[in-house]
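[1] Build me a structure from this.
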Amino acid sequence: MIPAPIPQDETVRLAALYASALLGTPDDFALDCVTHIGAQLFRVPICVVSLVDSNRQWFKFCAGLDAAQTPRDIAFCAHVVASGRALVVEDTLRDVRFADNPLVTGPPWIRFYAGYPLRAATGEVLGTLCIIDTQPREFSSPQLKLLPELTTLARAAISTRHTSAAQETLTRELATARRESMIDPLLRSWNRGGIDAIFAQCHKPYLQQGQAFSIMMIDIDHFKRINDSHGHLTGDAVLKTVTREIRSELRSTDDIGRFGGDEMQAAAGPGNAVERVCEAGVH
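    Residues are numbered from 1 along each chain as shown. Below is the predicted model of the structure:
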């Protein structure tokens, strides 16, 4: 295995990554859609938007992959960050850089990789948009042209995203590591600690100022029966699907978090976001 070299502009690159406020925040529905489209477009099981930090690769948005991060020294995407160019590995077992990589010899069993640099508006490479297969495959020139186009969509989603007042406050006041401790690792939403922080920092002013806001508790009926009958992997898939459906109905200024095992909370400021969730049929 050959680790990727560290870019010469690493200090500037990391400053741009931290300034992006992408680390330690919940998934965004628009970027979630990009990764799902990528998996379908290229017919691969995994599509990921990854961010390469100083010593790790953090999976910000992913379809088909449960891991939240990997060490940087084994990350394929670190090679894209180092070169600033696309990387295609049609068969990892035939590439001396990756043949004995733990991500090849073990889960997720990477045999094919294609990644394209994801840049900040100022040009620094924050990470990649990459697609992964567990089988070797050829990657045609038309497909190679589609990868940067999909990455452009990801960049557009990042540049135009709007966050809630709660998320802006947490991003401004808390260090990345502290924010990450407030993210549910399975659902990539706020956990109970994150919800408590949101209420403490943002919703108390609503009460003090007499402004209306909404809180909705959502419980999945008979969830234990799903786990008992079909196993916890199926139960996890149900939780992810329900969370994604709720997230698709919320505004960018609203928040969702996992309150308990099968309980989610949606919190919204003025408006009808909660009513839209109810109308979507999430019960």
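[2] contacts and neighbour counts: CA atoms only from here.
    Will do.
[3] for the stretch 151-283 of the chain, what spans make up the strands?
    Using DSSP state E, counting those that start in this stretch, the strands found in the stretch 151-283 of the chain span residues 214-219, 255-258, 263-268.
[4] Against which helices or strands is the second one packed?
    Contacts defined by 3 or more C-alpha pairs under 8 Å, 6 or more residues apart in numbering; DSSP states H and E place strand 255-258 against helix 192-198, strand 263-268.
[5] Just say which of the strands of the stretch 151-283 of the chain is most tucked in.
    Scoring the strands of the stretch 151-283 of the chain by mean neighbour count under mean count of other C-alpha atoms under 10 Å gives strand 255-258 as the most buried, with a mean of 25.
[6] residues near Ile220, how many?
    Each residue near Ile220 was counted by other C-alpha atoms under 10 Å, and the total is 15.
[7] How much space separates it from Gly64?
    Separation of Ile220 from Gly64 (C-alpha to C-alpha, to the nearest Å): 23 Å.
[8] Any stretches of the stretch 151-283 of the chain with poor pLDDT?
    162-166, 202-204, 267-283 (pLDDT under 70).
[9] Go again with 90.
    The stretch 151-283 of the chain contains residues with pLDDT under 90 at 156-225, 227-228, 232-233, 235-283.
[10] can you give me the helices in this structure?
    10-19, 29-42, 77-83, 102-105, 141-160, 165-173, 176-180, 192-198, 204-209, 223-230, 232-249, 273-279 (DSSP state H).
[11] out of those helices, nearest to Ser54?
    helix 10-19 (7.2 Å; C-alpha to C-alpha).
[12] Other residues contacting the closest one?
    23, 51, 53-54, 120, 124-126 (C-alpha atoms under 8 Å, 6 or more residues apart in numbering).
[13] Try it again at 7 Å.
    If you take C-alpha atoms under 7 Å, 6 or more residues apart in numbering as the criterion, helix 10-19 is touched by 53, 124-126.
[14] Can I get that helix in PDB? Just the C-alpha atoms.
    Output in PDB follows, covering the C-alpha atoms of helix 10-19 (Å, rounded to 0.1, in the frame of the first residue of the first chain):
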ATOM      1  CA  GLU A  10      -2.200  21.600   3.000                       C
ATOM      2  CA  THR A  11      -2.400  24.400   5.600                       C
ATOM      3  CA  VAL A  12      -4.500  26.600   3.300                       C
ATOM      4  CA  ARG A  13      -6.600  23.600   2.200                       C
ATOM      5  CA  LEU A  14      -7.400  22.600   5.700                       C
ATOM      6  CA  ALA A  15      -8.300  26.200   6.600                       C
ATOM      7  CA  ALA A  16     -10.800  26.200   3.700                       C
ATOM      8  CA  LEU A  17     -12.200  22.800   4.800                       C
ATOM      9  CA  TYR A  18     -12.800  24.100   8.400                       C
ATOM     10  CA  ALA A  19     -14.300  27.400   7.100                       C
END
